[in-house]
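Student: structure of the sequence below:
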Amino acid sequence: MTDNQQRVLRWVFVRGGERQTCELALNERALLYQFSIARDGRPASVSIDRFPDAAQAFDRQCRHEAALINEGWTLSAYESRGSELATT
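Tutor: Here you go, the predicted model:
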């Protein structure tokens, strides 16, 4: 990764015909970590939580993942990739 890239983590959970995609990344200005959830691949269903540090963001992701697993969801994919940071 270069200095102008960030790491983006993505988890995809499935249950029956439903899909939920969770993503953890720095926001566009690299000031806050954001955890987003999209249901069934619909952009209109996205919810976003922002956190000042990585520990809080990962805690939120872990709690959400545990809740999904308790509700019968299964992890079907995981991705970790670099993404270009916005420059100002």
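
Student: what residue ranges in this protein score low on pLDDT?
Tutor: 1-6, 28-29, 41-45, 83-88 (pLDDT under 70).

Student: can we see that at 90?
Tutor: 1-8, 25-32, 39-48, 54, 80-88 (pLDDT under 90).

Student: secondary structure element for the most centrally placed residue in it?
Tutor: In the chain, the residue lying closest to the centroid (C-alpha atoms, centre = their mean) is E23, at 1.3 Å. Using DSSP states H and E, E23 maps to strand 18-26.

Student: which is the next helix or strand following that strand?
Tutor: Downstream of strand 18-26 (by DSSP H and E), the next one is strand 33-39.

Student: which secondary structure elements does that following strand contact?
Tutor: strand 18-26, strand 47-51, helix 54-70 (3 or more C-beta pairs under 8 Å, 6 or more residues apart in numbering; DSSP states H and E). C-beta here means a position set from N, CA and C on the backbone, and glycine is covered the same way.

Student: helices and strands around the last one, which ones?
Tutor: Read that as helix 54-70. strand 5-15, strand 18-26, strand 33-39, strand 47-51.

Student: hang on, R15 packs against S76?
Tutor: No. R15 is not in contact with S76 according to C-beta atoms under 8 Å; the separation is 9.7 Å.

Student: shared neighbours of those two, anything?
Tutor: Counting by C-beta atoms under 8 Å, 6 or more residues apart in numbering, no residue touches both R15 and S76.

Student: hmm, back to that, isn't the residue nearest to the centre of the chain up against R10?
Tutor: Yes. Using C-beta under 8 Å, E23 makes contact with R10 at a distance of 4.8 Å.

Student: great, nothing more from me.
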